[in-house]
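J.: Build the 3D model from these lines:
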Amino acid sequence: MKLYNIAHSRAGDKGNTLTLSLIPYRESDYEMLCKTITAEKVKTHLKDVVSGEIIRHEMPNIHSLLFVCQNALLGGVTTSLAIDPHGKALSYALLEMEV
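T.: Below is the predicted model:
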């Protein structure tokens, strides 16, 4: 099953750092996401895009995960020649991950 079947995502950027949230549609799926969607698994999934460290933060009070991805925007929004320098498309790439 793909993540987009059970969750949605938002992206944010600051310089060359990308943040990706993962928010389950049902709060009851939060624990399963915590167990299965690790920073290492996200790093492997986004290996062609994120060259730096990925840190996962659990936010149980709002039932979501936040991934902070270093060196993810080819230098940053104002210097990158990428088609999507803001990284919004990476939230969709994350949702393509198999659970």
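J.: which ones are touching the residue most central in space within the chain?
T.: In the chain, the C-alpha nearest the mean C-alpha coordinate belongs to Leu20, at 3.4 Å (C-alpha atoms, centre = their mean). Listed by C-beta atoms under 8 Å, 6 or more residues apart in numbering, the contact set of Leu20 reads 9-11, 42, 66-67, 69, 90-91, 94. C-betas here are computed from N, CA, C, even on glycine.
J.: if you go through this structure in chain order, where are the helices?
T.: Along the chain, the stretches classed as helices by DSSP state H are 30-36, 39-45, 88-95.
J.: what packs against the longest one?
T.: What that stands for is helix 88-95. Applying 3 or more C-beta pairs under 8 Å, 6 or more residues apart in numbering; DSSP states H and E, we find helix 88-95 packed against strand 7-14, strand 17-24, helix 39-45.
J.: Could you rerun that using 6 Å?
T.: strand 7-14 (3 or more C-beta pairs under 6 Å, 6 or more residues apart in numbering; DSSP states H and E).
J.: If we go by neighbour counts, what in the strand it packs on is buried?
T.: Across strand 7-14, burial judged by 16 or more other C-beta atoms under 10 Å covers 7, 9, 11, 13.
J.: coming back round to it: dump the helices of the chain to TSV, plus distance to Pro24.
T.: Shown next, in TSV, are these (distance: least, C-beta to C-beta, whole Å):
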stretch	distance to Pro24
helix 30-36	5
helix 39-45	15
helix 88-95	12
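J.: So which of these is the most surrounded?
T.: Burial of the helices of the chain is given as mean neighbour count (mean count of other C-beta atoms under 10 Å); helix 88-95 ranks first at a mean of 17.
J.: Please list the residues outside it that contact it.
T.: 3-4, 9, 11, 20 (C-beta atoms under 6 Å, 6 or more residues apart in numbering).
J.: Now do the lowest-mean-pLDDT helix or strand in the chain and strand 17-24, the angle between them.
T.: Across the helices and strands of the chain, mean pLDDT, DSSP states H and E gives its lowest value to helix 88-95, namely a mean of 85. Following axes from the mean of the first three to the mean of the last three C-alpha atoms, to 10 degrees, one obtains 40 degrees for the angle between helix 88-95 and strand 17-24.
J.: Tell me who's in contact with the closest residue to His8 other than its chain neighbours.
T.: Among residues not flanking His8 along the chain, Ile23 sits closest, at 5.6 Å (C-beta to C-beta, 6 or more residues apart in numbering). By C-beta under 6 Å, 6+ apart, the residues touching Ile23 are 7-8, 64.
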